[in-house]
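Asker: Here is the input, now give the coordinates:
(one chain, ligands or ions: 3)
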Amino acid sequence: AELCADFYSCTCPNLLPIVKKGVAKAIQKEPRMGASLLRLHFHDCFVNGCDASILLDDTSNFIGEQTAAANNQSARGFNVINDIKASVEKECPRVVSCADILALSARDSVVYLGGPSWEVGLGRRDSTTASRSDANNSIPGPFLSLTALINNFANQGLSVTDLVALSGAHTIGLAECKNFRAHIYNDSNVDPSYRKFLQSKCPRSGNDKTLEPLDHQTPIHFDNLYFQNLVSKKALLHSDQELFNGSSTDNLVRKYATNAAAFFEDFAKGMLKMSNIKPLTGSQGQIRINCGKVN
Ligand code: HEM
Ligand SMILES: [Ca+2]
Ligand SMILES: [Ca+2]
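Answerer: Ligands and ions are numbered 1, 2, ... in the order given. Here you go, the predicted structure:
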């Protein structure tokens, strides 16, 4: 079945303003939260589709996705989604899925931080399971080559254009030293002064959890400066600089670096595709009452 933008127009007419308000409040409290919510949706959709699987907390007899390599002590924003869900439950009990709330929150975060908007199709339902091994296998890591990144996105039905445009999400948010250390010590394609600065923050050993902005220019503004960074060899992650390293994707990076409107258009299209990956619909799955656990 297809998702539909007015899916809740009768059953929860105030859904969109409730989510928008909850997202705005969370970002006002902590500007990084917009980035964290966007990434949470990505890490949900890449693991068995956008079914809120990532939101299921571990219990004594269940291990979910939150402790998978890419998520462990890194994925964040769970409390924000749980709080928004609680507000939604108050007004429209048991009708709105956590997967839909997460998709809307990602969109509202991007808009709040100055990025493009898109219409989010609704009607996703929530999984009753989660898979740590699927998360470990499906979420791309920062040490991948361009070819591996292209293949990873192709496995989700996403194109090379989607890969480059969606990587522009790294115009906001932060990454830990352990995720960019190899890039700043081993790769040759790093601007010398940027390398020197990063090495002062992230030594060869230790400080694994020290955070640096993915976009060193405007880390809390959704713009196209991430692509300008790639052109000037100032990407934080190896995987980011792979998109501009003398290969087929260089021209698209250059285009986005000079044409913010083109980036916004392709980012919105890519998000729409990503948020439509394998949704549960109809009577599949359930509408979780609490996003952290199955009913
Ligand atoms: C192309 C492959 C991608 C790789 C290899 C990758 C890898 C990473 C890594 C390693 C981090 C830092 C995590 C940490 O140190 O805690 C990160 C952060 C982030 N990623 Fe990606 N990512 C990719 C694509 C995407 C996509 C498609 C999106 C969303 C559409 C996205 C959104 C974000 C955001 C917003 C952050 C910052 C989160 C925060 O500050 O809480 N990434 N990514
Ligand atoms: Ca999922
Ligand atoms: Ca930025």
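Asker: got the contact list for the residue of the stretch 1-150 of the chain found nearest ligand 2?
Answerer: Ligand 2 sits closest to S53 of the stretch 1-150 of the chain, with a gap of 3.5 Å, by CB to the ion. Every C-beta, even on glycine, is put in place using the N, C-alpha and C of the backbone. Applying CB atoms under 8 Å, 6 or more residues apart in numbering, we find S53 in contact with D44, V47, G64, E65, S127, T129, A130, S131.
Asker: The fifth one is in contact with D51, isn't it?
Answerer: In other words, S127. Yes - contact criterion CB atoms under 8 Å: S127 and D51 qualify, at 4.0 Å.
Asker: which residues do the two both contact?
Answerer: Residues touching both S127 and D51 (CB under 8 Å, 6+ apart) are A99, L280, G285.
Asker: host element of the first one?
Answerer: I take that to be A99. Under the criterion of DSSP states H and E, A99 resides in helix 98-112.
Asker: The residue in the stretch 101-250 of the chain that ligand 1 sits nearest to: neighbouring residues, count only.
Answerer: Closest contact between the stretch 101-250 of the chain and ligand 1, by CB to the nearest ligand atom, is at G173 (2.3 Å). By other CB atoms under 10 Å, 22 other residues sit near G173.
Asker: Quick check, it in contact with P219.
Answerer: Yes - using CB under 8 Å, G173 is in contact with P219, at 6.9 Å.
Asker: Return every residue with contacts to both of the two.
Answerer: Contact criterion CB under 8 Å, 6+ apart; residues shared by G173 and P219: P213.
Asker: quick one, what contacts L252?
Answerer: For L252, counting by CB under 8 Å, 6+ apart, the contacting residues are V160, T161, V164.
Asker: you'd agree it is in a helix?
Answerer: Yes - assessed with DSSP: H, G, I helix; E, B strand; the rest coil, L252 lies in a helix.
Asker: Starting from K21, give me the distance back to it.
Answerer: Distance of L252 to K21, given as CB to CB, to the nearest Å: 36 Å.
Asker: Quick check, pLDDT for K209.
Answerer: The per-residue pLDDT reported for K209 equals 98.
Asker: Might one say that it is in contact with E176?
Answerer: Yes - using CB under 8 Å, K209 is in contact with E176, at 5.2 Å.
Asker: Which residue of the two possesses the greater neighbour count?
Answerer: E176 (17 against 10).
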